[in-house]
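**Q** After the sequence you'll find the predicted model.
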Amino acid sequence: MAIERTLFIVKPDATTRNLVGKIIAHVEGEGFKLVEARYTRLTREQCNEFYAEHVGKGFFPELVDFMTSAPVMLCCLEREGAVAKLREVIGATDPAAAAEGTIRKLFAESKGRNSVHASDSVPSAEREVKLFFGVAALSH
Ligand code: IDP
Ligand code: MG
C-alpha cells in the first residue's frame, strides 16, 4: 500500500472540551505521523471553500456556525493507506452509527458536533491538504 497524506481536523466541540491531546494521541496510536499542524479559528469564507460540496444543503448554515464557533486543530497526517485508514479510525458521521472504539463513538456529541474531520478520498485529501497547508505539504 502507498504512503499517503490526508487532512484531519479536530473540530470546535472537541477543542472546547480540551480533547486535542487525547485525539492526536489516538491517531498516533493508529500509526499516523503528524507532518503539519496549525491551531486556528476558521473564517466563514474558509468554511465555504472547504465544504463547497455541502453549500446549499439544509445543515450547511449550522455547519458553518459550528466550525467557526471556536478554534480547530488542522493536521496533515501521513501513513500507509492514510486516507481510507483514517476514515475507518474516525467512524461514521453520526456517532450513534459509529463503530465501537472509533473517535466519533468515543468523543462526538451529535451528527453535527462530531469532533473530527477526515478527507473522504485521495482526490479530496489532495485538495484539502493543499487548501490549508499548500502544495509542498503533499510531497513525502
Ligand atoms: P463526514 O464529515 O463524515 O465526511 P459529511 O457528510 O461530509 O460527513 O458532512 C460534513 C459535516 O457536516 C459532518 O461531519 C457534520 O459535522 C456535518 N453534518 C453532516 N450531516 C449533518 C446533519 O444531518 N446534521 C447536522 N450536521 C451534519
Ligand atoms: Mg465529508
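**A** That came through, no problem. Residues are numbered from 1 along each chain as shown. Ligands and ions are numbered 1, 2, ... in the order given.

**Q** Any residues of this protein in contact with ligand 1? List them.
**A** 54, 59, 62-63, 93, 111-112, 114, 117, 120 (C-beta under 6 Å from any ligand atom). Bear in mind the C-beta positions are built from the backbone N, C-alpha and C, glycine included.

**Q** Would you write out the ChimeraX command that picks the buried residues out of the residues you listed?
**A** Applying 16 or more other C-beta atoms under 10 Å to the residues of the chain next to ligand 1, the buried members can be selected in ChimeraX as follows:
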select :63,112,114,117
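
**Q** quick check, nearest of the residues of the chain next to ligand 1 to K33?
**A** H117 (18.3 Å; C-beta to C-beta).

**Q** count of residues packed around V64?
**A** Counted with other C-beta atoms under 10 Å, the neighbours of V64 add up to 21.

**Q** before we move on, the earlier item: from the residues of the chain next to ligand 1, which two are the most distant?
**A** E62 and D120 (19.8 Å).

**Q** Any chance you could list what contacts stretch 30-46?
**A** Outside stretch 30-46, the residues that touch it by C-beta atoms under 8 Å, 6 or more residues apart in numbering are 5, 8, 15, 20, 24, 28, 50, 64, 67-68, 70-80, 82, 85-86, 89, 129, 132-133, 137, 140.

**Q** redo that, cut-off 6 Å
**A** 64, 67-68, 71-79, 89, 133, 137 (C-beta atoms under 6 Å, 6 or more residues apart in numbering).

**Q** Pull the number of nearby residues for A98.
**A** Counted with other C-beta under 10 Å, residues neighbouring A98 total 19.
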